[in-house]
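Novice: coords below, sequence missing:
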Ligand SMILES: NC(=O)C1=CN([C@@H]2O[C@H](COP(=O)(O)OP(=O)(O)OC[C@H]3O[C@@H](n4cnc5c(N)ncnc54)[C@H](O)[C@@H]3O)[C@@H](O)[C@H]2O)[C@@H](O)CC1
Ligand SMILES: Nc1ncnc2c1ncn2[C@@H]1O[C@H](COP(=O)(O)OP(=O)(O)O)[C@@H](O)[C@H]1O
């Protein structure tokens, strides 16, 4: 996983925790050097790797060889939550995606880096799972969030087809679409999940399932369902005031429930 930006350290922590709680054996968080101690304090079970930064915890082109090296040793690379949108950070994301030959999960600012550059997804050897919310999807596709929501299935399908990637369009309900036109509509989850950071947890969940041997195809479908199920378990204590960390903590129970089914 590769994160940065001092404004959004929570996003990095939630994605890494989501991966851990969804069963990833080892999670390494690549993080701007100045944020290393902070992340180590937040995350006892997660390994960290310092990355060269430009300014304010943001990562630039100098970090690319370090991330490429990290990706070469991992089963899956997740990029995006909390990166920030500095121009050089966006360029570095594009370079990493170009270089990567491992399964990728791209979210949040990782998606913002692809605005106007989705051709990279077809050129890279990696099969990518993209997890936009309606705002990010709108930016990528030149639509408003309202337009995206008017035809969620149609937009997700069109995006998957034209980008050659797996598209998880988050929301109520979340739609998972594949380049060949196959589409799934998720049934788990609840409005208590409409709170900052639950999307970051989903990034970690999908990456963790890929790390455990699922194809990106199956990990996208199962990951979205598992994440919603964890949200439903967390919501037993009440939807109002539910937080992203509650969803991450409910993942082991959701996973166990799925295995029983
Ligand atoms: N604790 C943290 O550190 C958190 C950091 N985060 C990070 O903050 C950065 C910015 O991400 P944001 O998502 O806040 O900002 P964005 O600018 O990507 O999204 C916000 C805009 O997107 C649209 N939008 C989002 N969800 C929508 C929905 N469900 N329906 C309709 N429209 C919707 C709206 O227009 C909204 O104004 C990212 O790096 C992200 O990872 C967030 O993930 C939240 C938690
Ligand atoms: N009413 C709802 N029903 C089911 N899932 C929801 C609902 N509202 C939000 N979610 C889920 O919560 C998550 C929110 O993610 P996202 O929009 O990326 O937020 P953030 O960027 O703050 O983490 C998505 O997985 C979305 O599908």
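Specialist: Now that the structure is in, tell me what you want to look at. The shown structure was predicted, so the numbers you read here are calculated from the model rather than taken from an experiment. Ligands and ions are numbered 1, 2, ... in the order given.

Novice: and the gap between the closest residue to ligand 1 within the stretch 51-200 of the chain and residue 162?
Specialist: Relative to ligand 1, the nearest point of the stretch 51-200 of the chain is residue 135 (2.0 Å; Cβ to the nearest ligand atom). No exception for glycine: its C-beta is placed from N, CA and C like everyone else's. Distance, residue 135 to residue 162, using Cβ to Cβ, to the nearest Å: 19 Å.

Novice: what about the residue of the stretch 51-200 of the chain closest to ligand 1, distance to residue 219?
Specialist: Where residue 219 is concerned, residue 135 sits at a distance of 24 Å (Cβ to Cβ).

Novice: tell me the SS of the residue of the stretch 51-200 of the chain closest to ligand 1?
Specialist: helix (DSSP: H, G, I helix; E, B strand; the rest coil).

Novice: for residue 95, same thing?
Specialist: When the rule is three-state DSSP, residue 95 gets the label helix.

Novice: which residues does it contact?
Specialist: By Cβ atoms under 8 Å, 6 or more residues apart in numbering, the contact list for residue 95 reads 61, 64.

Novice: quick one: what helix or strand has the residue in the chain positioned nearest to ligand 2 in it?
Specialist: Closest residue of the chain to ligand 2, Cβ to the nearest ligand atom: residue 199 (2.0 Å). According to DSSP states H and E, residue 199 maps onto helix 198-211.

Novice: Report whether that helix contacts ligand 1.
Specialist: Yes - Helix 198-211 lies within reach of ligand 1 by Cβ under 6 Å from any ligand atom, at 199, 200.

Novice: and after that helix, which helix or strand comes next?
Specialist: Past helix 198-211, the next helix or strand by DSSP H and E is helix 216-234.

Novice: In that next one, which of the residues would be classed as buried?
Specialist: 216, 219-234 (16 or more other Cβ atoms under 10 Å).

Novice: same thing with stretch 20-40?
Specialist: Of the residues in stretch 20-40, those buried (16+ other Cβ under 10 Å) are 20-22, 24, 27-32, 35-36, 38-39.

Novice: can you list these in JSON lines and add secondary structure, pLDDT and distance to ligand 2?
Specialist: Formatted as JSON lines, the buried residues of stretch 20-40 follow (DSSP: H, G, I helix; E, B strand; the rest coil; pLDDT from 0 to 100; distance: Cβ to the nearest ligand atom, whole Å):
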{"residue": "20", "secondary structure": "helix", "pLDDT": "98", "distance to ligand 2": "17"}
{"residue": "21", "secondary structure": "helix", "pLDDT": "98", "distance to ligand 2": "15"}
{"residue": "22", "secondary structure": "coil", "pLDDT": "98", "distance to ligand 2": "13"}
{"residue": "24", "secondary structure": "coil", "pLDDT": "97", "distance to ligand 2": "18"}
{"residue": "27", "secondary structure": "coil", "pLDDT": "97", "distance to ligand 2": "18"}
{"residue": "28", "secondary structure": "strand", "pLDDT": "96", "distance to ligand 2": "21"}
{"residue": "29", "secondary structure": "strand", "pLDDT": "95", "distance to ligand 2": "17"}
{"residue": "30", "secondary structure": "strand", "pLDDT": "94", "distance to ligand 2": "20"}
{"residue": "31", "secondary structure": "strand", "pLDDT": "91", "distance to ligand 2": "18"}
{"residue": "32", "secondary structure": "strand", "pLDDT": "92", "distance to ligand 2": "20"}
{"residue": "35", "secondary structure": "helix", "pLDDT": "92", "distance to ligand 2": "19"}
{"residue": "36", "secondary structure": "helix", "pLDDT": "93", "distance to ligand 2": "23"}
{"residue": "38", "secondary structure": "helix", "pLDDT": "93", "distance to ligand 2": "20"}
{"residue": "39", "secondary structure": "helix", "pLDDT": "93", "distance to ligand 2": "18"}
